[in-house]
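*Asks:* kindly return the folded structure for what I paste below:
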Amino acid sequence: MHARLEDLDQPPIIEVENLSVQFDNHLVLRDLSLIVPRGQTLAIIGESGCGKTVLLKTLIGLIQPSEGEARFEQQNLQQLSDRELTKQRTRFGFVFQNAALFDSMTVGQNIAFPLKQHTQKPLDEIREIVYALLAEVGLPDSIVWKKPAELSGGMRKRVGLARALALNPEVMLYDEPTTGLDPIVSDVINELMLRTRSKYPVTSIIVTHDMRTARKVADRVVMMYPFARLEEDEPQILFDGPPERLNDFPDRRVTQFVNGEAGERLMEMRQAAAG
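*Replies:* Okay, the predicted model is just below:
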């Protein structure tokens, strides 16, 4: 399901303009510009260290850019007060790489947490929402009293998704949602992302190394490249387009990543180590 035509006629929900992020002397993002239309599902791919997760965290103000802007609904996040930024974040659902559940809380308490923090809903209503969200991600009511340590990796990811959906977000951010999962459980997560997109009017951004996820779930794929291995004037985004264009894209760095071909990259590593 692609972004609807009426969504494309509206101002983009997320804009990144000339964004750079530097930690001490280490430049991670350089002069990055990106527009995400409302309703689109965007997959961001690229090898480790190219800044994918840094970009994701910059989009919700967890990381401040060194230069440039990240805007949500045309508002520069860096110009918001802490209180305003906290309010804006409630419009995002964030599924963290390792689920990031609270170990000391039960599954039910984890899912209920954002509802208790950000709404005035009575406990009975919150309880109903928790059970509805468990059903939404295909988990039984019986796990509501379990602690995260008692769950498999795939179940923890699904609890993380349920918690992210609790406030009916307008934007879903996924950080490596299938990492560490077997192929079947990975596809369960992919199907849940597709179901979320079809049931809720959300914009989704997925950071992933998993090409099956990118091909199955995304309308659009952006491939980033590590700044340190770019030529001086090269953009950090090597590819931006529909997933079906990935296989025959003329830039070898894109097809090598997509097909998992390590030969030339291994030679680069050896040369760097020798130099």
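
*Asks:* all helices for the stretch 151-275 of the chain, in order.
*Replies:* 153-165, 183-199, 211-217, 252-259, 263-274 (DSSP state H, counting those that start in this stretch).

*Asks:* and the third one, how far from the chain's centre?
*Replies:* The chain centroid and the centroid of helix 211-217 are separated by 13 Å, computed with Cα atoms, centre = their mean, to the nearest Å.

*Asks:* tell me which other helices or strands it touches.
*Replies:* Judged by 3 or more Cβ pairs under 8 Å, 6 or more residues apart in numbering; DSSP states H and E, helix 211-217 is in contact with strand 41-45, helix 183-199, strand 203-207. Every residue, glycine included, has its C-beta placed from N, CA and C.

*Asks:* likewise the first one?
*Replies:* When contacts are defined as 3+ Cβ pairs under 8 Å, 6+ apart, helix 153-165 sits against strand 92-95, helix 107-118, helix 123-136, helix 183-199.

*Asks:* distance between it and the chain's centre?
*Replies:* In terms of Cα atoms, centre = their mean, the centre of helix 153-165 is found 14 Å from the chain centre.

*Asks:* how far off helix 107-118 does that helix point, in degrees?
*Replies:* With axes from the mean of the first three to the mean of the last three Cα atoms, to 10 degrees applied, the angle from helix 153-165 to helix 107-118 works out at 20 degrees.

*Asks:* beta-bridge partners for the most centrally placed residue in the chain, please?
*Replies:* The centroid of the chain falls nearest to Y174 when counting by Cα atoms, centre = their mean (2.8 Å). Beta bridges link Y174 to V95, I206 when assigned by DSSP bridges.

*Asks:* residue contacts, it?
*Replies:* Taking Cβ atoms under 8 Å, 6 or more residues apart in numbering, we find Y174 in contact with 95, 193, 204-208.
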